[in-house]
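Asks: How does the following fold in three dimensions:
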Amino acid sequence: MRWGWNGTWSWYRAIGSTNHEIKSGTLGYNSTNYVETYGYPNQQIYRYRSLPGETNYFLHPDSVQVFEYPNNTNAGIKYHSWFANDSVNLTPKMTLNAGVRFDHYSSWLPEQGNPGTGPYATPRVIPETHGFPVYNAWSPRLSAVYDITGSEPIDSEGLAALYSELSGKPVAVVALDDDAWVAAMTEHGMHEGMARAFASFGEATRRGYAGIVSSAVEDLTGHAPRSLREVLAPGLSG
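Replies: The predicted model follows:
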C-alpha cells in the first residue's frame with residue numbers, strides 16, 4: 001500500500017534589472033508492503049513410499065510434515081523531499097540556476113510474525129519497530145546556461161528562396177494559420193495537445209523569439225560558424 005503526494009509552485013518576477021523564475025516543490029510517499037504466507041490445506045503434507053511394481057502409490061504412509069503457517073512479513077518506507085530553485089536571466093544570453101534540495105528517508109517494520117491461528121502454529125508476534133537509521137541529505141545546485149544562436153536570422157520565405165536558388169527548383173512557402181495546422185496534424189493521427197504544442201513554435205517565430213542572433217560561436221571557439229548556405233549547398237547544388 002502506497003500513499004504519495006507532490007506539488008510545485010512557480011513565481012515569475014523582475015527583481016532589479018534581472019528576471020527571476022523561482023520554483024519550489026515537494027515530493028513524498030509512505031509505502032508499506034504486506035506479505036502473508038497462508039501455507040497448505042490444514043497445514044499438513046502427507047508423504048507415501050511405494051514399492052517396485054505397485055501401481056497404487058498410497059499404500060505405505062511414510063511421514064507427515066506440519067507447518068506453522070500462516071505468518072506475515074511487513075516493511076514500511078517513508079520518503080520526503082523538497083526543492084527550491086531560482087533561474088536568473090543575468091543577460092539576454094546568460095542564465096544562472098541556483099537551488100537546493102532536501103531528501104529525508106526512513107524505514108520501519110510494522111507488527112508482524114505468526115499470530116498463532118494455524119492448527120500447529122505458536123504465536124510469535126514482533127512488535128512494530130522504528131529503530132533504523134534515518135537519512136537526511138542536502139544537495140545544493142549551481143549551474144549556468146549560455147544561449148548559443150546563429151549569426152544570421154532566416155525566416156520561412158528566406159529558407160524557401162535559398163532552397164530554390166541552390167536546387168534550381170521552385171520552392172514556395174505554404175502558409176497555414178495555427179488552427180489549420182493543428183487540424184491537419186490531428187487528421188493524420190497526432191494528438192491535439194501535441195499538435196498545439198508544435199504550433200506554438202510558429203507563434204514564437206512570428207513574435208521574433210527565434211530571430212535572436214549572436215556571435216557566441218565565434219566568441220567561444222575563435223572561428224566564425226558556417227552559414228546555412230554553406231551547409232546546404234553540397235546537398236542541393238548540381
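Asks: If we go by neighbour counts, what in the longest helix seen in the chain is buried?
Replies: Looking across the chain with DSSP state H, the single longest helix is helix 192-206. Residues of helix 192-206 classed as buried: 195-196, 199, 202 (neighbour count, 16 or more other Cβ atoms under 10 Å). Glycine gets a C-beta too; all of them are placed from N, C-alpha and C.
Asks: for those, which one is nearest Ile22?
Replies: Ranked by distance to Ile22 (Cβ to Cβ), the buried residues of helix 192-206 are led by Arg196 at 27.2 Å.
Asks: so the closest one touches Val182, yeah?
Replies: Yes - proximity of Arg196 to Val182 meets the contact threshold set by Cβ atoms under 8 Å, at 5.6 Å.
Asks: who touches the helix-or-strand element of the chain with minimal mean pLDDT?
Replies: Ranked by mean pLDDT, DSSP states H and E, the weakest helix or strand in the chain is helix 216-221, scoring a mean of 85. Applying Cβ atoms under 8 Å, 6 or more residues apart in numbering, the external contacts of helix 216-221 come out as 93, 146-151, 223-225.
Asks: Can I get whichever helix or strand comes after that helix in PDB? Just the C-alpha atoms.
Replies: The element immediately downstream of helix 216-221 (helix or strand, assigned by DSSP states H and E) is helix 228-236. Taking Å, rounded to 0.1, in the frame of the first residue of the first chain, the C-alpha atoms of helix 228-236 are listed here in PDB:
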ATOM      1  CA  LEU A 228      23.300  27.900 -43.700                       C
ATOM      2  CA  ARG A 229      24.100  28.400 -47.400                       C
ATOM      3  CA  GLU A 230      27.500  26.600 -46.900                       C
ATOM      4  CA  VAL A 231      25.700  23.700 -45.000                       C
ATOM      5  CA  LEU A 232      23.000  23.200 -47.600                       C
ATOM      6  CA  ALA A 233      24.900  23.800 -50.800                       C
ATOM      7  CA  PRO A 234      26.800  20.400 -51.000                       C
ATOM      8  CA  GLY A 235      23.500  18.500 -50.900                       C
ATOM      9  CA  LEU A 236      21.400  20.700 -53.100                       C
END
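Asks: What residues sit buried inside helix 228-236?
Replies: For helix 228-236, the neighbour count (16+ other Cβ under 10 Å) marks 232, 236 as buried.
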